[in-house]
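Undergrad: generate a structure from the sequence data that follows.
(2 chains)
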Amino acid sequence: MNEFRYRAAPSPTGKVHIGTIRAYLPNYLLAKKYGGKNILRVEDTDQTRLVPNGVEAMIEAYENVGIEFDEGPHKPGKYGPYVQSERLDIYKKYADELVEKGHAYYCFCSKERLEKLREDQKANKLKPMYDGLCRDIPVEEAKKKVANGESHVIRMRFPNEGVTVSEDIVYGKVSVKNSDVEDQILMKADGFPTYHLAVVVDDHLMEITTAIRGDDWLPSYPKHVKLYEMFGWKPPKFAHLPMILNPDGRKKLSKRHGAFPVSQILRKGYLKEAIMNYALLCGWAPRPEMAHQDEIYMPDELIQLFDLDRVHRTAARYDQKKFDYINSKHIRRLSIEELVERVFVWAQKYVLGEFISDSYTEPAQWESSLKVIINRYLSKWKDNIDLFKKALLLEQDRIVTLSDIPYALDFFYEDEVSWEESDWNTKNHDKKELASALENILPKLEEIFKEDNFDHDEWEKVVRGHADELGWKHGDLFLAIRSATTGRLQSPPLLECYEIMGWEKVKVFILQAINWLRL
RNA sequence: GCCGCUAUCGUCUAACGGUUAGGACGUAUGAUUCUCAAUCAUGCAACCAGGGUUCGAUUCCCUGUAGCGGCACCA
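TA: Residues are numbered from 1 along each chain as shown, chains lettered A, B, ... in the order given. Reported below is the predicted structural model:
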């Protein structure tokens, strides 16, 4: 039996988002599962839409989320070249073959005529379709015009009668009336093939066994089925996957409609296994008996569990909250050593480093501030990995993305705190009262903490006792101390923070706080 | 407009004609707690509508409605 061969066939726009990940992930998963090959083929037949370094940018994005290829422009194999613009002679040969067989014909209609035709058809509430004007020009005459250098395209001669039935793994049988399918252009006037010719020729020549693509291709699938027929080739199995819709569910996810580039997703601090996990769960669920209650799956589990037979036919909406949940779960299941390592790589490679696609991606406003703060802290983190590990451990189950970390840990690394009014709870006690409360409790804390011995019972006793003396609610005093020593209203348990900070630092912060409150 | 596909809690989904329609996210409440998070309970929340078929339809068929997708010398 031949090996399974899958392919991702993007146009090299350089743009990769969660929708594209979702479309290409199954190829990778299935290739791994069945020991097949995952191929990257670049469909750059539209010369008007070339992006510099687009191919490299996409490969970078896919590989960073864990989708690897066995063959492609960057990994030559025996089926190359893997870039369609380098295969033009191949398409010409097969287009000519179709003309010779009478399955295709030269068309000399101008773009202007076609546009007018479309407008007229729309005005008459008809489906815009080529009217077949050049369909019956005798071949010899057409060839003469071609030889004379007349601008022309090659169209496939789609039958006018009958029905074409397409077989799909996800959709089953889909049939359309042939009269509803137009004579698709196969070769453009510039000598490049259209997608329709190129995809069929290449899937055949590259011996693709299973062609997986977005279901936005479903309407043109019959054209491809017919082309296989015309060539006399056995088509691969096809699977059309449902789209991911933008959060409103109004449009398919795209850069224009709510999609973030993968470069930004990674830079924000989503883990690649979370990206895979979430993307695959759009439009697919494992068998109930194999499913995990928490819906968290590692890549190797996805490889085991995924198959095309349970893929949905309905589009799924992008849900940021669920993605966040999945990411936080994946962060939590890492050991602290792994997490530290991941944070360093993330900070160095994704935040301080550049993605190829950055050169043509509009930066988000958080990206530059994140870069600044990572620049500020990364070396400090690395200077004392033990300290970083301890601090990070306190935050591991509080963060959603890695980019939360520098903000969450800042007070461990700063020598001074800068407060805003909103960093204090002044509902029950004003700043003056807070200042004197802190001033009065400071010696008592000094007494119990001066040896850096942070005993929980002592700490509780002192704070609660002091609050009682003042006639304060216990929580108000804890909160004031929290604001003073961490610069914020929420933090991990204070004593655990102090164990890391050490009493001298805590004391300095309290003194600073007293001054600030009295300004 | 035409063609195609689809339709289960707000969202992602489970269900191979018979279930109190299950889970997850989110949300609400409670427990815990010095705050936040985490954790653990608990609550709210869905079979698009109308016809069939059947002893019995969320499930099968038809119609309607709605949504999405497609209708380029773009992929």
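Undergrad: which SSE is A:A285 in?
TA: Under the criterion DSSP states H and E, no helix or strand holds A:A285.
Undergrad: isn't it up against A:R310?
TA: Yes. Shown here, A:A285 and A:R310 form a contact pair, counting by C-beta atoms under 8 Å, at 6.6 Å. In this view, the C-beta of every residue, glycine as well, is placed from N, C-alpha and C.
Undergrad: all strands of chain A, in order?
TA: Remark: strands assigned in chain A by DSSP state E are A:5-8, A:37-40, A:104-107, A:153-156, A:163-168, A:172-177, A:185-187, A:210-214, A:237-241, A:244-245, A:316-317.
Undergrad: the first one close to RNA strand B?
TA: Spelled out, that is strand A:5-8. No. Figure legend: strand A:5-8 not in contact with RNA strand B (C-beta under 7 Å from any atom of the strand); closest approach 10.8 Å.
Undergrad: what pLDDT, on average, does that strand get?
TA: Confidence for strand A:5-8, expressed as mean pLDDT, is 97.
Undergrad: which strands or helices does that strand pack on?
TA: Using 3 or more C-beta pairs under 8 Å, 6 or more residues apart in numbering; DSSP states H and E, the elements in contact with strand A:5-8 are helix A:18-34, strand A:37-40, strand A:210-214.
Undergrad: return that strand as PDB; C-alpha atoms alone will do.
TA: The C-alpha trace of strand A:5-8 is given here as PDB (Å, rounded to 0.1, in the frame of the first residue of the first chain):
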ATOM      1  CA  ARG A   5       0.400  12.000   1.400                       C
ATOM      2  CA  TYR A   6      -1.300  15.200   2.500                       C
ATOM      3  CA  ARG A   7      -0.600  18.800   1.400                       C
ATOM      4  CA  ALA A   8      -1.100  22.300   2.600                       C
END
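Undergrad: up against RNA strand B, what does the stretch 301-450 of chain A have?
TA: So the stretch 301-450 of chain A meets RNA strand B at A:310, A:312-317, A:319, A:321-322, A:324-325, A:328, A:397-398 (C-beta under 7 Å from any atom of the strand).
Undergrad: of those, which is the most crowded?
TA: Scoring those on neighbours with other C-beta atoms under 10 Å, the highest-scoring entry is A:S328 at 20 neighbours.
Undergrad: which residue is the nearest non-sequential neighbour of that residue?
TA: A:V400 (4.8 Å; C-beta to C-beta, 6 or more residues apart in numbering).
Undergrad: and the one you found, how far is that from A:G269?
TA: The gap separating A:V400 from A:G269 is 8 Å, by C-beta to C-beta, to the nearest Å.
Undergrad: likewise A:L445?
TA: Applying C-beta to C-beta, the value for A:L445 to A:G269 is 35 Å.
Undergrad: quick one: contacts for the closest residue to A:F478 other than its chain neighbours?
TA: In this structure, A:F478 finds its nearest non-sequential neighbour in A:V463, 6.2 Å apart by C-beta to C-beta, 6+ apart. A:V463 makes contact with A:441, A:474, A:477-478, A:481, according to C-beta atoms under 8 Å, 6 or more residues apart in numbering.
Undergrad: quick check: domain ranges of chain A?
TA: Here the domain parsing of chain A from automatic domain parsing is A:87-207, A:421-518.
Undergrad: kindly reformat the ones you listed as JSON lines containing mean pLDDT.
TA: Output for the domains of chain A, formatted as JSON lines (pLDDT from 0 to 100):
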{"stretch": "domain A:87-207", "mean pLDDT": "94"}
{"stretch": "domain A:421-518", "mean pLDDT": "92"}
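Undergrad: of those, which is nearest A:E60?
TA: Proximity to A:E60, assessed across the domains of chain A by C-beta to C-beta, is greatest for domain A:87-207 (22.9 Å).
Undergrad: quick one on the thing from earlier: give the ChimeraX command for selecting the buried subset of the contacts of A:V463.
TA: The buried subset of these, as determined by 16 or more other C-beta atoms under 10 Å, is captured in ChimeraX by this line:
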select /A:441,477,478,481
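Undergrad: in the contacts of A:V463, find the pair that's most separated.
TA: Counting by C-beta to C-beta, the most remote pair of these is A:I441 and A:H474, 12.4 Å apart.
Undergrad: residues near the residue nearest to A:F388 when sequence neighbours are not counted, how many?
TA: In space, and not counting its chain neighbours, A:F388 is closest to A:W381: 4.4 Å by C-beta to C-beta, 6+ apart. A:W381 is flanked by 23 other residues according to other C-beta under 10 Å.
Undergrad: got a list of what A:G487 touches?
TA: Residues in contact with A:G487 (C-beta under 8 Å, 6+ apart) are A:410-411, A:417-419, A:423, A:509.
Undergrad: on that earlier part again, higher neighbour count, A:V400 and A:G269?
TA: The residue with more neighbours, out of A:V400 and A:G269, is A:G269; 24 against 16, by other C-beta under 10 Å.
Undergrad: just checking, the more buried one touches A:W346?
TA: Yes. With contact defined as C-beta under 8 Å, A:G269 reaches A:W346; the gap is 6.0 Å.
Undergrad: what do the two both touch?
TA: Residues touching both A:G269 and A:W346 (C-beta under 8 Å, 6+ apart) are A:L402.
Undergrad: among the contacts of A:G487, who's most crowded?
TA: That'd be A:F509 among these, by other C-beta under 10 Å, with 22 neighbours.
Undergrad: how far away is that one from A:E71?
TA: Separation of A:F509 from A:E71 (C-beta to C-beta) stands at 58 Å.
Undergrad: helices of the stretch 151-300 of chain A, residue ranges please.
TA: A:195-205, A:221-231, A:262-268, A:272-281, A:299-305 (DSSP state H, counting those that start in this stretch).
Undergrad: got the ones you listed as CSV, with mean neighbour count columns?
TA: Putting the helices of the stretch 151-300 of chain A into CSV (neighbours: other C-beta atoms under 10 Å) gives the following:
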stretch, mean neighbour count
helix A:195-205, 22
helix A:221-231, 20
helix A:262-268, 24
helix A:272-281, 23
helix A:299-305, 17
